[in-house]
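please find the sequence and the predicted model below.
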Amino acid sequence: MSAQFTQYLLTGLTVGAIYALVALGFSIIFNASNVINFAQGEFVMIGGMATVSLIAVGLPYLLAIPLAVAAAALVGLALEKFAVEPARGASVVTLIIITIGASIFLRGLATIIWDKRFHALKPFTGDAPITIAGATILPQSLWVLGVTLAVVLALSWFFGRTLLGKAMLATSHNRLAAQLAGINVRMVLFLSFGLSAALGAVAGILIAPITTTSYDVGVMLGLKGFAAAMLGGMGSGVGAVVGGIALGITETMSAGYLSSAYKDAIAFVIILAVLFFMPSGLFGKRGGERV
Amino acid sequence: MKPMQSRNNFKRGLAAVAATFALIAGAAVAQEPIKIGSFLSVTGGAAFLGDPEQKTLELYVGKINAAGGVLGRKLQLVAYDSAGDAEKARTFTKRLIEQDKVDVIVGGSTTGETMAVIPLVEAAQIPFISLAGAVVIIEPVKKWVFKMPHTDRMACEKIFIDMQSRKFSKVALISGPGGFDKSMRGQCLDVAKKYGIDVIADETYGAGDTDMTAQLTKIKNTAGVQAVLNAGFGQGPAIVTKNYRQIGVTVPLYQSHGVASKDFIKLAGAAAEGVRLPAAALLVADSLPQSDPQRAVVVGYTKEYESHFKSEVSTFGGHAYDGLMIAVEAIKKAGSTDKAKVRDAIEGIRGFMGTAGVFNMSPTDHMGLDLSAFRMLEVKGGNWTLVK
């Protein structure tokens, strides 16, 4: 019984950590622009697929991973430069639709650059399961948890201690005031796309050895990450992490103890219930609509 | 006055154009191509089906034409990408029938797309050879509809027979979210009793799920499970297989013919060792004995495909090969492209050796394969081996 519970918990944590990374990407762009970037899942895909092809040409992980993350970040920056920025001043809904278009475009591009098949990455450090209190966890899951933790710490340092991070936070609180204080809000928006693309790519690389990757892997992960971000409160860093972990654990617990057929439904019902009582999510900003 | 005149001019112009067309048509009638229509999921979620199917059709239409065509006429392939979308499949089928005026349709990568176009082909009375899996396509028999792949029910039966021979009677089922997975789950539950199999656990996972350890832990803790059967295709079964080894389930694992390609072994890696699944002989072409009557066909197709596309064959491309060859065979037998005659000729196909097995069509069986078409395979040393 308790071994079973530990197994569900470990699984939930791993899955949740990935949702959290994707959710963080959503939050960063939302903060800078109020836009929900539906191409976030595609960054996850680009990270995984780029690593697969770089490994295939013989690069070691230590080189392939930074290159893949950089490639995704470049795609994120290009997306902002060539799709979002030209529509500057358009309504938020228009911008969201642009990101949906971009996600379809990126998926199509991936089928041409790469292919339509599933690819597996080798685990970073072996695949012998580690036993903890009767439950098992893969070394790769430890990587997922460890890197997610490191990323969260790095982000909190970035937003709390660096000028650029503070500028991004200031923009999210009040764009006009930030601009008046001399912050280049266009640069902030530009960088936020690069940063969240890099985050997505990290998630995509971490999970590829566990789940395999393909050109459309971003669709479901993007959706789950979006749900996690909503649950935690869109725009909140703490919320994204808590939302992701909560969603992951809810899913595995309901699959384990209730019914695997309805595990997604149960998770989404809980999210709806939370949003009903706390419309801005667990850690979202209270108050009126921002304009 | 003016408009009148211009209308006359227009009429005269039309007549000239019509005359030109008539001339061209008259010259072309002699070697007007035989049109093979197709709609396949070349992109989208079922692209791993449609992509090898399309490549196979193009490759073999080219080969047949290079060898002089059929009945002295060239073949012309008219193929559309329906992207796994039933609505698109309908639109393209309408276009194939009404605009392209094809002689026969070979296509439909998924069951959903196939079922959506059946009313159209039945109404238009055009022979249709489907490349999709589920048994509903040919049961009940539809006059103009045939299909190439083995059904999911046959896969269940083949697996259950293997389980019987290993004296397993208590089995756990885990299946995915797709139409194929659900249909196979239903068929397996249906025929289990017939083979004395008790399904004592029945778990599912969702689309894009990244981890199935929760469901497998539940199965592991169900008392008495002797074997586990995973009905599904795509990445799901690969993750199931990995998780299965991770949490240390020791009873044998069976997969379906839905993962019958080398990709599965690549994705699941070492975890795939010992997994059994039913599949067409195509996957083990090289290890078939010389005496096997199917050897020539599957080795031939494998060589042709792999040398041309530099990627490994899958059974899905094989179904397209079978479909095209049966259509061609039927047109030859009928001696024309008359749709009713071609349909009758397809129904009359007996002992036709394809990549999926021996086809024996009949008025009551529009697939024509029996259980012998499936071989039980086991993954050993990172490759498929025949279970003796």
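Happy to help now that I have it.

from now on I want contacts and neighbour counts done on CA atoms only, so please keep to that.
Noted.

ok, and does the lengthiest helix in chain A reach over to chain B?
When chain A is parsed with DSSP state H, its longest helix is helix A:2-33. Yes - using C-alpha under 8 Å from any C-alpha of the partner chain, helix A:2-33 reaches chain B at A:4, A:7-8, A:11, A:15.

got the residues you listed as a markdown table, with neighbour count and pLDDT columns?
Below are the residues of helix A:2-33 next to chain B laid out as a markdown table (neighbours: other C-alpha atoms under 10 Å in any protein chain shown; pLDDT from 0 to 100):
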| residue | neighbour count | pLDDT |
| --- | --- | --- |
| A:Gln4 | 19 | 86 |
| A:Gln7 | 26 | 90 |
| A:Tyr8 | 28 | 91 |
| A:Thr11 | 27 | 90 |
| A:Val15 | 26 | 91 |
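
for the residues you listed, which one is nearest chain B?
Closest approach between these and chain B, by C-alpha to the nearest C-alpha: A:Tyr8, at 5.7 Å.

quick one, strands of the stretch 51-200 of chain A?
For the stretch 51-200 of chain A, the strands defined by DSSP state E, counting those that start in this stretch cover A:130-132, A:135-137.

oops, could you answer that again for the stretch 201-350 of chain B instead?
Using DSSP E, counting those that start in this stretch, strands in the stretch 201-350 of chain B cover B:227-231, B:253-255, B:276-279.

ok, B:Asp162 to B:Gly178 distance?
For B:Asp162, the distance to B:Gly178 (C-alpha to C-alpha, to the nearest Å) stands at 25 Å.

the more surrounded of these two?
Taking other C-alpha atoms under 10 Å in any protein chain shown, B:Asp162 and B:Gly178 do not tie; B:Asp162 has more neighbours (18 against 15).

any idea how far the more buried one is from chain A?
Computed with C-alpha to the nearest C-alpha, to the nearest Å, the distance linking B:Asp162 and chain A is 27 Å.

quick one: contacts for that residue?
The contact partners of B:Asp162, taken as C-alpha atoms under 8 Å, 6 or more residues apart in numbering or on different chains, are B:Met376.

ranges for the helices of the chain?
The chain I'm using is chain A. Shown for chain A, the helices assigned by DSSP H span residues A:2-33, A:40-56, A:61-79, A:92-113, A:139-161, A:163-173, A:175-180, A:185-211, A:217-232, A:237-257, A:263-277.

please go with chain B instead
Under DSSP H, chain B gives helices at B:2-28, B:47-66, B:86-98, B:111-124, B:152-165, B:179-192, B:213-220, B:236-246, B:262-268, B:295-309, B:315-334, B:339-347.

got the ones you listed as CSV, with mean pLDDT columns?
Shown next, in CSV, are the helices of chain B (pLDDT from 0 to 100):
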stretch, mean pLDDT
helix B:2-28, 55
helix B:47-66, 93
helix B:86-98, 95
helix B:111-124, 94
helix B:152-165, 93
helix B:179-192, 88
helix B:213-220, 91
helix B:236-246, 91
helix B:262-268, 85
helix B:295-309, 93
helix B:315-334, 94
helix B:339-347, 95
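
where does the prediction get shaky in the stretch 1-150 of chain A?
A:1 (pLDDT under 70).

which bits of it sit near chain B?
Contacts of the stretch 1-150 of chain A with chain B, taken as C-alpha under 8 Å from any C-alpha, map to A:4, A:7-8, A:11, A:15, A:116-120, A:128-129, A:135-138.

for those residues, work out which two are farthest apart.
A:Gln4 and A:Lys116 (36.4 Å; C-alpha to C-alpha).

quick one on the thing from earlier: tell me which of the strands of the stretch 201-350 of chain B sits nearest to chain A.
Closest of the strands of the stretch 201-350 of chain B to chain A is strand B:227-231, at 14.2 Å (criterion: C-alpha to the nearest C-alpha).

between the closest one and helix B:152-165, how many degrees?
Here the directions of strand B:227-231 and helix B:152-165 differ by 170 degrees (axes from the mean of the first three to the mean of the last three C-alpha atoms, to 10 degrees).

which ones are touching A:Leu13?
Contacts of A:Leu13 (C-alpha under 8 Å, 6+ apart): A:145, A:245, A:248-249.

of the residues you listed, which is the nearest to B:Met361?
Looking across the contacts of A:Leu13 and measuring by C-alpha to C-alpha, the closest to B:Met361 is A:Gly248, at 50.1 Å.

gap between the nearest residue to the closest one once chain neighbours are set aside and B:Thr210?
In this structure, A:Gly248 finds its nearest non-sequential neighbour in A:Gly16, 3.9 Å apart by C-alpha to C-alpha, 6 or more residues apart in numbering or on different chains. The gap separating A:Gly16 from B:Thr210 is 11 Å, by C-alpha to C-alpha.

the two: who's more crowded?
A direct count of neighbours by other C-alpha under 10 Å for A:Gly16 and B:Thr210 places A:Gly16 higher, at 29 against 24.

the more buried one contacts A:Ala240, correct?
No - counting by C-alpha atoms under 8 Å, A:Gly16 does not reach A:Ala240; the two are 10.2 Å apart.

and the stretch 151-291 of chain A, which residues reach chain B?
Within reach of chain B by C-alpha under 8 Å from any C-alpha, the stretch 151-291 of chain A has these residues: A:210-212, A:216-217, A:220-221, A:252-253, A:255-256, A:259-261, A:264.

among these, who's most crowded?
Most crowded among those, counting by other C-alpha under 10 Å, is A:Thr252 at 31 neighbours.

I'd assumed A:Ala261 was in contact with that residue.
No - with contact defined as C-alpha under 8 Å, A:Thr252 does not count as touching A:Ala261 (11.6 Å).

measure the residue sitting nearest the centre point of chain A to B:Thr151 for me?
The centroid of chain A falls nearest to A:Val22 when counting by C-alpha atoms, centre = their mean (0.9 Å). Distance of A:Val22 to B:Thr151, computed by C-alpha to C-alpha: 39 Å.

before we move on, what about B:Pro177?
Counting by C-alpha to C-alpha, the gap from B:Pro177 to B:Thr151 is 18 Å.

give me the more crowded residue out of those two.
B:Thr151 (24 against 19).

contact partners for that one?
Neighbouring residues of B:Thr151 by C-alpha under 8 Å, 6+ apart: B:133-135.

try 10 Å this time
Shown in contact with B:Thr151 (C-alpha atoms under 10 Å, 6 or more residues apart in numbering or on different chains): B:132-138, B:183-184, B:187, B:257, B:367, B:369-371.

go ahead and confirm B:Glu157 touches B:Gly196.
No - look at B:Glu157 against B:Gly196 with C-alpha atoms under 10 Å: they stay out of range, at 11.3 Å.

give me the common contacts of these two.
B:Met163.

higher neighbour count, those two?
Ranked by neighbour count (other C-alpha under 10 Å), B:Glu157 and B:Gly196 place B:Glu157 first, with 19 against 15.

quick one: the residue nearest the centre of chain B from B:Ser41, how far?
Centrality entry for chain B: nearest residue to the mean C-alpha point is B:Leu131, 3.3 Å, by C-alpha atoms, centre = their mean. From B:Leu131 across to B:Ser41, the span is 11 Å (C-alpha to C-alpha).
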